[in-house]
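Asks: All I have is the shape, not the residue letters:
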Ligand SMILES: Nc1ncnc2c1ncn2[C@@H]1O[C@H](COP(=O)(O)OP(=O)(O)OP(=O)(O)O)[C@@H](O)[C@H]1O
Ligand SMILES: Nc1ncnc2c1ncn2[C@@H]1O[C@H](COP(=O)(O)OP(=O)(O)OP(=O)(O)O)[C@@H](O)[C@H]1O
Ligand SMILES: [Mg+2]
Ligand SMILES: [Mg+2]
Ligand SMILES: [Zn+2]
């Protein structure tokens, strides 16, 4: 190990390890420990300026920076994909500032930073999933006053959350909330799972540690492994995860979350796995979807 | 047997018992040394000129303002009379959601303007644990009917309602959980006369059918004549006269009350 | 009907007073007109037994209506006792007076005080609903009284606000006789009525007496007074020299 590595600095860089100074990381870790101790509770933290705009996941980046060690292997996804601009630039950021290993394989990663998805492959104990969160407050929609929402959490006054679902059913005949579907944690705090599709909600109870970072709003919250997570609903309108009908055109998966892709300028479209690593893995194992078969046959 | 029939009916214990209630704003008096007992099913009107402390008193009673002195005892049923000022905040807020209701003068202060009429009425039910959409909606429909709002308006937002409809919606939203005590601050203020009359008629019916107790602040003597069983007249933060409503209005004992009664059109 | 049950309790022995006043004084202080106290009466005393009808007499301004209003609790007595059905109205709490008015003490005032928007049938049925009579039974009784007092059926569903003076007075009487009160105060019940309706009202009063009601009335109509009243009390006797 070089002296720089021992000091936690990236080799040959002007930055301390993972960009943030040690004091800031300690502050964030303290917030994370508190968040893990009180699952679903939003812990305030002093968000730092990051060399990227808000909305690019500055909350998630700060959380990742605070938990990464030189031995970690990082995976970054945006809407399930490893190859989007956002995912690529965050991955590069940590390669440069922390000099750590990176991967696109869910199974190989020790830390996964995500925006809007939970990977299809079940995560395991020892892994950490870091979410980028735009709006941490699930009650914000109906009660804009922060003082009031904090009090509502403190006193467990969550009737308002069901008002939102009621409004959905009244207007659309069903609970139309498809993203950021509110959940109740261990029968106590109501939490916004970040804008993941409700399809992912059942996966929120998992073996890995889940950390949520909201940069602009300066809030951190967390779910320890195997935390009980219940999606809010009504007896006569129970929660349904839902997903697009059909199978992945590339790998044929009928159980994964699908994205709709426009394939030509004549309006042709197909459905493919939103989780690119999962899809690639299936294809490598020999699974084929409709399109892939046609391509092969042509 | 002496006067058994109606005496037996009159309840023995008050639902609300107020003693020495005082609230100052810096050096200015909000209300001073106010005391009274309110019995189940009783509607008490509070009248007095602008600035006489009516809203201050009501807000102290409802727990929105913390008085400087005095006590507000509320009958909690099995727990007996408890000083609501000594309750913890969660306890007080739970009480405000279940046993109490507060109807604001301005419906905007008491409604969620971005939520449908049905959602507004259903909120208190959901807040106390209702989790069946069909049942919540049925209750909302029932209550909209009771306050004379057409069923097909259930999914409209209150912003699309007239002032009178908004006020009726606020009342429905407050009464849906069957509270025992209702506070109202100028419930008919800002409404035109014929709309006021309908609202009053509605309130009379609800008070009678639900056996509500209520404290109603108003400057409108016609309103108290129709709605209140008894009256409290305030001036400069103090109570100057109390009594049976028609007695206070028709045979006022205090000079200030006489002025108040004579300064409005005969009611 | 529910009044019947109450009657069991309220039908007292003939010699036992239902309404009993002693030492009642009243004066008005008009603070906005100098504040001097204007005495109206002092030492007023009377009693009315069940089944009895007593007339209040005296010149205009003698204090007949004032005395009646004090018995009803509408005016506050300066001193004295006003015992109705065992309750001293002069010292009672508002809720006690309201309970007394609901169950025991009926009052037909000179003018109908209307609640806006309430249909006539419900105005008349309300005293019955207030003592727990089921809606249907209350409406039936109200309808019977309105029919008897010759209020045209098409008017029953309208608010009496726009009725003629005589029609309003008959609605007022129907309301006052809906529940079988053990005690009744009648302020000029036959004024402004045609002979036919006057006859109906007198029959109602006679029926109330027959079932044991104690009635105190003001009648300017000497013929009516002679027919239904058992004795007279001249209020002038309680006058105070100014
Ligand atoms: N927040 C406050 N800060 C300072 N003074 C206040 C405050 N609220 C009320 N007051 C004063 O307390 C007194 C009583 O006010 P309150 O609002 O209770 O009167 P009110 O009887 O409800 O009058 P209105 O009929 O005009 O509504 C007034 O002198 C008022 O100026
Ligand atoms: N509310 C009041 N305020 C002041 N004075 C009153 C009030 N009511 C009655 N009085 C006065 O009391 C006196 C008695 O009046 P009251 O109406 O009782 O007379 P009355 O015997 O019923 O007369 P009438 O036969 O004309 O109806 C009168 O001097 C009257 O002016
Ligand atoms: Mg006010
Ligand atoms: Mg008179
Ligand atoms: Zn696929």
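Replies: Looks like it arrived, so ask away. Being a predicted model, the structure only gives us computed values, none of them experimental. Ligands and ions are numbered 1, 2, ... in the order given.
Asks: switch to C-alpha atoms for all contacts and neighbour counts from now on
Replies: OK.
Asks: Pick out the residue of the stretch 51-200 of chain A closest to chain C.
Replies: Residue of the stretch 51-200 of chain A nearest chain C, by CA to the nearest CA: residue A:170 (34.1 Å).
Asks: Give the buried residues for stretch C:101-118.
Replies: C:101-112, C:114-118 (16 or more other CA atoms under 10 Å in any protein chain shown).
Asks: what residues are up against residue C:61?
Replies: Going by CA atoms under 8 Å, 6 or more residues apart in numbering or on different chains, residue C:61 touches no other residue.
Asks: ok, now the one 5 residues further on?
Replies: Contacts were defined as CA under 8 Å, 6+ apart; by that measure residue C:66 touches residue C:75.
Asks: In terms of helices and strands, where is the residue in chain A that ligand 2 sits nearest to?
Replies: Taking CA to the nearest ligand atom, ligand 2 has its nearest neighbour within chain A at residue A:148, 51.4 Å off. Per DSSP states H and E: residue A:148 is located in helix A:146-154.
Asks: so residue A:67 touches residue A:30, yeah?
Replies: No: counting by CA atoms under 8 Å, residue A:67 sits too far from residue A:30 to count as a contact (11.1 Å).
Asks: Counting neighbours, go ahead and name the busier of those two.
Replies: Neighbour count, other CA atoms under 10 Å in any protein chain shown: between residue A:67 and residue A:30, residue A:67 has more, with 18 against 15.
Asks: Packing partners of the next helix or strand after the helix holding residue A:148?
Replies: Note on helix A:146-154: by DSSP H and E, the next helix or strand toward the C-terminus is helix A:159-172. Helix A:159-172 is packed against helix B:117-127, with contacts defined by 3 or more CA pairs under 8 Å, 6 or more residues apart in numbering or on different chains; DSSP states H and E.
Asks: distance between the helix it packs on and the chain's centre?
Replies: Taking CA atoms, centre = their mean, to the nearest Å, one finds helix B:117-127 lying 19 Å from the centre of the chain it belongs to.
Asks: when you scan the helix or strand following that helix, is anything in it near chain A?
Replies: Note on helix B:117-127: by DSSP H and E, the next helix or strand toward the C-terminus is helix B:133-146. Yes: counting by CA under 8 Å from any CA of the partner chain, chain A is contacted by helix B:133-146 at B:133-134.
Asks: Could you tell me the average pLDDT over whichever helix or strand comes after helix B:133-146, please?
Replies: Once helix B:133-146 ends, the next helix or strand along the chain (criterion: DSSP H and E) is helix B:163-175. Averaging pLDDT along helix B:163-175 gives 92.
Asks: Could you pull up the residues touching residue 36?
Replies: No chain specified, so I'll use chain A. Residues near residue A:36 by CA under 8 Å, 6+ apart: A:221-224.
Asks: actually it's chain C I care about, not the one you picked
Replies: Counted by CA under 8 Å, 6+ apart, residue C:36 has contacts C:29-30.
Asks: what are the phi and psi angles of it?
Replies: Per-residue torsions, residue C:36: phi -80, psi 140 (degrees, to the nearest 10).
Asks: and the gap between it and chain B?
Replies: 12 Å (CA to the nearest CA, to the nearest Å).
Asks: Paired strands for the helix or strand hosting residue B:82, with orientation please.
Replies: Assigned by DSSP H and E, residue B:82 belongs to strand B:81-83. Note on strand B:81-83: by DSSP bridges, its sheet partners are strand B:69-75 (antiparallel).
Asks: residues from chain A in reach of chain B?
Replies: A:142, A:155, A:157-160, A:162-163, A:166-167, A:170-171, A:233-237.
Asks: which ones are touching residue A:178?
Replies: Counted by CA under 8 Å, 6+ apart, residue A:178 has contacts A:197-198.
Asks: Run through the bridge partners of residue B:38.
Replies: Legend: beta-bridge partners of residue B:38 under DSSP bridges are residue B:16.
Asks: so it makes contact with residue B:16?
Replies: Yes: taking CA under 8 Å as the definition, residue B:38 is a contact partner of residue B:16 at 5.1 Å.
Asks: can I see the domain layout of chain A?
Replies: Domain segmentation of chain A under automatic domain parsing yields A:3-141+A:165-231, A:243-290.
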